[in-house]
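Asks: Task: produce atomic coordinates for the following.
(2 chains)
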There are 2 protein chains.
Amino acid sequence: MDTDLSSHPASGFTRLAPQTGTGFVLPAGSTLTVVDPTGEQVSDFFCFAADDHAEWLSSGRTIDYANSIYVTTGSVLYSNRSRPLATVVEDTCGNHDFLLTPCSQQTFDLLYPEFEGAYHPSCFENLCGGFAPFGISPDAVSTTLNIFMNVWTDRTGELHIDPPTSRAGDRFALRAETDLVVGLTACSAEKSNNGRCKPVDYVVEGPTAQG
Amino acid sequence: MDTDLSSHPASGFTRLAPQTGTGFVLPAGSTLTVVDPTGEQVSDFFCFAADDHAEWLSSGRTIDYANSIYVTTGSVLYSNRSRPLATVVEDTCGNHDFLLTPCSQQTFDLLYPEFEGAYHPSCFENLCGGFAPFGISPDAVSTTLNIFMNVWTDRTGELHIDPPTSRAGDRFALRAETDLVVGLTACSAEKSNNGRCKPVDYVVEGPTAQG
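Replies: Residues are numbered from 1 along each chain as shown, chains lettered A, B, ... in the order given. Sure thing, here's the model as predicted:
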């Protein structure tokens, strides 16, 4: 695993520093590629239809129609209106979570007693910051696709959040099926990232957003 | 199993006919009890904070904070703002799903090819009808708590939707922690109810809604 966090992203890629996020338009037909540059790092993804923010990425519809809690190459990401928003076109890792909400201040308050309620960066805060310029309310951010997050359930229903299986350079790419507003993070939760929060790289290729 | 669908509900209970639903206010401190009168019948539940419909029942927050995909007696149902909306106070069945969205016309179009795209009653339509008098948009109905629905995942992530384990008279009750607007159904999906859609009974006890 490449642990040199000061290294530069590959040409054309943008680097999200550890515990940060961003928001941008992903035009229909373009591809978003998310890379884990150092390994064992989660990236939370959420999106809305660009022309109507009341249409949003639905984990429940996606899981239901695929009959699986996991997504990988070929998976269709559905909206709350049962419309395909995106299709996964590349996945070199194979382990991603679509059950859990983005980590929030309350996540740390409830599940990280060692922080004693102190402020902690979170994917929720970072997604809200990414969506804010588009006028999207924090209330609208639902269950995220947690790229590279290694979650499984046993027969009792208990969730197991294990270190990501992603290795340096692993890629996850999706093609937008309609114009999207996307939020993307380098996850802030230590326990989801094997104890240390690291950067995430991404690139958008294909049709560009209209001005 | 009592298969006499013409029987009357227990005293004080309201019966939802097969493939129907309703909406109502559940005041803080009151208890909603849902009964499966004949066995093997699912009831979809969703809710909003009565004073601000932008606050809604979050499967992702609930699952995350409990570290389990299942809810049972003692489970807290959280909102998208990480606030407790309700607490499960009775559960004689033990098998309920909180992963899947309510069945919708698209569910039948995609997963029931035998219906060839014809109109089919659905929990989504029935929930939307229940919420409509409160001015709540269909777009706001997210992943439901599917009471008595028997869903489990294997290690590959595949979902298994087995016949409900609920038997005639099984009960699931929750206490509202704040004033709620609730939608409740007798599920319309044949495959989730061992091939036949049956009624659901419910009662609200405790503080009554203010006029």
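
Asks: Residue ranges in chain A under the pLDDT threshold?
Replies: For chain A, the stretches with pLDDT under 70 are A:1-6, A:209-211.

Asks: What segments of it are helices?
Replies: Using DSSP state H, the helices of chain A run over residues A:59-66, A:105-111, A:123-131.

Asks: Contact residues of chain A facing chain B?
Replies: A:54-56, A:58-61, A:63-65, A:67-70, A:80-82, A:99-101, A:104, A:106-107, A:110-111, A:137, A:139, A:141-144, A:152-153, A:155-159 (Cβ under 8 Å from any Cβ of the partner chain). All C-beta spots, glycine's among them, are computed from the backbone N, C-alpha and C.

Asks: Which parts of chain A are strands?
Replies: A:14-16, A:21-26, A:31-36, A:43-49, A:52-56, A:76-78, A:84-91, A:145-147, A:150-153, A:159-162, A:170-176, A:180-185, A:200-205 (DSSP state E).

Asks: quick one, the third one and strand A:84-91 angle?
Replies: Comparing the axes of strand A:31-36 and strand A:84-91 via axes from the mean of the first three to the mean of the last three Cα atoms, to 10 degrees yields an angle of 50 degrees.

Asks: Pull up the pairing partners for strand A:31-36, direction included.
Replies: strand A:170-176 (antiparallel), strand A:200-205 (antiparallel) (DSSP bridges).

Asks: Run through who's touching it.
Replies: The contact list for strand A:31-36 (Cβ atoms under 8 Å, 6 or more residues apart in numbering or on different chains) reads A:9-10, A:13, A:26, A:43, A:45, A:89-90, A:93, A:147-148, A:164, A:166-176, A:182, A:184, A:198, A:200-206.

Asks: Emit the PyMOL select command for whichever of these are buried.
Replies: PyMOL command restricting these to the buried ones, with burial defined by 16 or more other Cβ atoms under 10 Å in any protein chain shown:
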select buried, chain A and resi 9+13+26+43+45+93+147+148+164+166+168+170+171+172+173+174+175+176+182+184+198+200+201+202+203+204
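
Asks: quick one: contacts for A:Asn67?
Replies: A:Asn67 neighbours (Cβ under 8 Å, 6+ apart): B:158-159.

Asks: Against B:Glu90, how distant is it?
Replies: 31 Å (Cβ to Cβ, to the nearest Å).

Asks: picking up where we left off before, compare the strands paired with strand A:31-36 and report which one is nearest to B:Glu125.
Replies: strand A:170-176 (29.0 Å; Cβ to Cβ).

Asks: Buried ones in stretch A:10-20, by neighbour count?
Replies: Buried-residue list, stretch A:10-20, by 16+ other Cβ under 10 Å: A:13, A:15-16, A:18-20.

Asks: I misspoke; the intended subject was stretch A:92-104.
Replies: Buried-residue list, stretch A:92-104, by 16+ other Cβ under 10 Å: A:93, A:95-104.

Asks: Out of those, which is nearest to A:Asn193?
Replies: Using Cβ to Cβ, the buried residues of stretch A:92-104 come closest to A:Asn193 at A:Cys103, 10.2 Å.

Asks: show me the contacts for the closest one.
Replies: A:44, A:122-124, A:187-189, A:192.

Asks: Now render these as JSON lines, adding neighbour count.
Replies: Supplementary listing: those in JSON lines, determined by neighbours: other Cβ atoms under 10 Å in any protein chain shown:
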{"residue": "A:Asp44", "neighbour count": "31"}
{"residue": "A:Ser122", "neighbour count": "23"}
{"residue": "A:Cys123", "neighbour count": "31"}
{"residue": "A:Phe124", "neighbour count": "26"}
{"residue": "A:Cys187", "neighbour count": "30"}
{"residue": "A:Ser188", "neighbour count": "26"}
{"residue": "A:Ala189", "neighbour count": "25"}
{"residue": "A:Ser192", "neighbour count": "27"}
